[in-house]
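**Student:** turn this into a structure:
(chains A, B and C)
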Amino acid sequence: MDERKEAGGGEDELFFSMRLLEWYNGQKRDLPWRRSRDPYKIWVSEIMLQQTRVDTVIPYFNRFIERFPTIDALAEAPEEEVLKAWEGLGYYSRARNLQSAAQQVKELYGGKVPDDREAVFGLKGVGPYTAGAILSIAFNRPEPAVDGNVMRVLSRFFLIEDDIAKPKTRIKMEALAKSLIPEGEASSFNQALMEHGALTCTPKSPRCLVCPVMERCAGRLAGVETELPVKTKAKPPRPEERLAALVEGRGEHAGRVLIRQRPTRGLLARMWELPHWPAPGDIGAGSGRPGEAAAMDRLRRSLAEAGVAARPEAYMMAAEHTFSHIHWTLQVYRCREEELPQPMAAEARGLYAAGSGAAAGGDAPGGEPALLLPGAEQPGLFADEGGAEEERPDMRWIGREDMANYAFPNVFLKLLNAYFDGQEAAGRR
DNA sequence: AATGCGGGGTA
DNA sequence: TACCCAGCATT
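**Tutor:** Numbers count the residues shown, from 1 in each chain, chains lettered A, B, ... in the order given. Below is the predicted model of the structure:
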């Protein structure tokens, strides 16, 4: 093998690095986190940019920095506020890990982002890519920052056919990427590599005609640039049919709807949602709407088991939500809270769920616990869908004005906003 | 090594 | 509509 291929100093390698650096210095985008060298801002941006496009991140980044301008501010904020600032961005453990890491930095490193590899790598939510990005971009250390963009770019230019889904390939790419960093230019070069992948060497139809390194791109010269990188396909998400209840409150809950908080771990941890349960196979299976009568009966019983006295009244709509591993189809039913007989209502009032932590902003107006069925043990243990025991979820009645205080996954955010919009429009008529 | 974890973009 | 994109933590 040609010796020059081994190190980063070969002709093609030098050409690649210098051309990309030149190109980047000439046309890098003006992004909010590039207007500062504050390692905290670089860090926040890199966490947000994991699995997320630049255009999506920009408004979140600006709001987030405005709300939590420093590591101290983030470390000391209520967790619900951090989650709310992340609402709609997805992968919510990123937000919780980021705050937890801010507390680490505060306690262990005097509130300043550390600049050595071990320390940065040890922060919650910071893996090989993010550690490299922080060290190189913020501190100009010659560390590789290999993300999907970089693997795509390198696999094409150097015609590398290893499967990028394999961890081993990332290790190999890191060695290559590190060897390509020009002396003293780690910050600009690593950003150049990613910028090139985002703007020019794109996944579907790479803009080879305007590519600054096209003449020596091995993938292009071999005519296989669109076949690269090689990557094994992910499994398709498994479908899940679920019945969701939009419960309209009556009496003292008039004008409000019932929401519940998800468990502290797992999917959409600690986010709020409309209550929903798996649709029995014979109701939701296959395409089309389930048998409404059966679904409504099922929903009424699920609500009762959850300690909510409510009657499903009509089918509203279907809502879809796709995760990387699950595809939800939610059949949403409009339900009405039951008006309890007076004496029972009085009795039930004593059975409010023991408030388990106020939502963001403390006591939200209308954010009181759900009125529970008499006899419902509270807040006891119950068997969840997997059969495991966990705390009965916190439930609350909320109005439109309370939406600001609870973090919802997008599907419920859209659903609730559409519902409150409809209510408002109906109210005007 | 395999799986869990969101949301949005493009063809 | 169908398919693609892809870091980190946990197991």
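**Student:** what's residue A:175 sitting at in phi/psi?
**Tutor:** Note on residue A:175: its backbone torsions stand at phi -60, psi -40 [degrees, to the nearest 10].
**Student:** touching DNA strand B at all, the helix ranked longest in chain A?
**Tutor:** If you go by DSSP state H, chain A has its longest helix at helix A:410-428. Yes - counting by CB under 7 Å from any atom of the strand, DNA strand B is contacted by helix A:410-428 at A:410, A:411. No exception for glycine: its C-beta is placed from N, CA and C like everyone else's.
**Student:** buried sites along that helix?
**Tutor:** A:411, A:412, A:413, A:415, A:416, A:419, A:420 (16 or more other CB atoms under 10 Å).
**Student:** cool, stretch A:193-208 as well?
**Tutor:** So, applying 16+ other CB under 10 Å, buried residues of stretch A:193-208: A:193, A:194, A:195, A:196, A:197, A:198, A:199, A:200, A:201, A:206, A:208.
**Student:** which pLDDT does the model give the third one?
**Tutor:** The pLDDT attached to residue A:195 in the predicted structure is 95.
**Student:** verify the stated contact: it with residue A:26.
**Tutor:** No - Residue A:195 sits out of contact with residue A:26 when judged by CB atoms under 8 Å, with a separation of 11.1 Å.
**Student:** show me where the stretch 201-350 of chain A has its strands.
**Tutor:** A:238-248, A:257-261, A:272-273, A:276-278, A:310-322, A:326-337 (DSSP state E, counting those that start in this stretch).
**Student:** pull up the residues of the stretch 201-350 of chain A that are close to DNA strand B.
**Tutor:** A:204-205, A:235, A:266-269, A:321-326.
**Student:** one more time with 6 Å, if that's ok
**Tutor:** A:204, A:205, A:266, A:267, A:268, A:322, A:323, A:324, A:325 (CB under 6 Å from any atom of the strand).
**Student:** may I ask which of the residues you listed has the most neighbours?
**Tutor:** Of all those, residue A:268 has the most neighbours under the rule other CB atoms under 10 Å, reaching 20 neighbours.
**Student:** can you get me the start-to-end distance on stretch A:140-153?
**Tutor:** With CA to CA, to the nearest Å as the measure, stretch A:140-153 spans 21 Å from end to end.
**Student:** wait, does that stretch contact DNA strand C?
**Tutor:** Yes - counting by CB under 6 Å from any atom of the strand, DNA strand C has neighbours in stretch A:140-153: A:147, A:148, A:149, A:152.
**Student:** stretch A:116-125 now?
**Tutor:** Yes - judged by CB under 6 Å from any atom of the strand, stretch A:116-125 comes into contact with DNA strand C at A:124, A:125.
**Student:** just stretch A:269-281 next, same as before
**Tutor:** No - using CB under 6 Å from any atom of the strand, stretch A:269-281 stays clear of DNA strand C, coming no nearer than 11.1 Å.
**Student:** pull out the buried residues from that stretch.
**Tutor:** A:270, A:271, A:272, A:273, A:274, A:275, A:276, A:277, A:279.
**Student:** of those residues, which pair is most distant in space?
**Tutor:** The distance between the two most remote of the buried residues of stretch A:269-281 (CB to CB) is 24.7 Å, for A:270 and A:279.
**Student:** around DNA strand C, pick out the residues from the stretch 101-250 of chain A.
**Tutor:** A:124-130, A:147-149, A:152, A:203, A:231, A:233-234.
**Student:** just those residues: which are in strands?
**Tutor:** Applying DSSP state E to those, no entry is found in strands.
**Student:** give me the PyMOL select line for these, limited to the buried ones.
**Tutor:** To isolate the buried ones among those in PyMOL, judged by 16+ other CB under 10 Å, type:
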select buried, chain A and resi 125+126+128+129+130+147+148+149+152+231
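**Student:** number of nearby residues for residue A:11?
**Tutor:** 9.
**Student:** before we move on, back to that, nearest to residue A:308, of the buried residues of stretch A:269-281?
**Tutor:** residue A:275 (7.5 Å).
**Student:** give me the distance between residue A:252 and DNA strand C.
**Tutor:** 41 Å (CB to the nearest atom of the strand, to the nearest Å).
**Student:** wait, what's in contact with that residue?
**Tutor:** Not one residue lies near residue A:252 by CB atoms under 8 Å, 6 or more residues apart in numbering.
**Student:** now residue A:57
**Tutor:** Counted by CB under 8 Å, 6+ apart, residue A:57 has contacts A:45, A:48, A:49, A:89.
**Student:** ok, back up a step: for the buried residues of helix A:410-428, give me CSV that also has distance to DNA strand C.
**Tutor:** What follows is those, written out as CSV (distance: CB to the nearest atom of the strand, whole Å):
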residue, distance to DNA strand C
A:411, 15
A:412, 20
A:413, 19
A:415, 17
A:416, 22
A:419, 21
A:420, 25
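**Student:** need the max-distance pair from those.
**Tutor:** Across these (CB to CB), the longest gap, 15.4 Å, separates A:411 and A:420.
**Student:** which of the three states applies to the nearest residue to residue A:24 once chain neighbours are set aside?
**Tutor:** Spatially, and ignoring its direct neighbours in sequence, residue A:24 is nearest to residue A:192 (3.4 Å; CB to CB, 6 or more residues apart in numbering). Secondary structure, DSSP: H, G, I helix; E, B strand; the rest coil: residue A:192 is helix.
**Student:** one step back: which one of the buried residues of stretch A:193-208 is nearest DNA strand C?
**Tutor:** residue A:197 (6.8 Å; CB to the nearest atom of the strand).
**Student:** quick check: residue A:316 touching residue A:335?
**Tutor:** No - between residue A:316 and residue A:335 there is no contact under CB under 8 Å: 9.6 Å.
**Student:** look at those two and report which has more neighbours.
**Tutor:** In terms of neighbours (other CB under 10 Å), residue A:335 is the more surrounded of residue A:316 and residue A:335; the figures are 26 against 18.
**Student:** specify the beta-bridge partners of the more buried one.
**Tutor:** Beta bridges link residue A:335 to residue A:247, residue A:312, judged by DSSP bridges.
**Student:** gap between it and DNA strand B?
**Tutor:** 23 Å.
**Student:** list the contacts for that residue?
**Tutor:** A:245, A:246, A:247, A:248, A:299, A:300, A:303, A:310, A:311, A:312, A:313.
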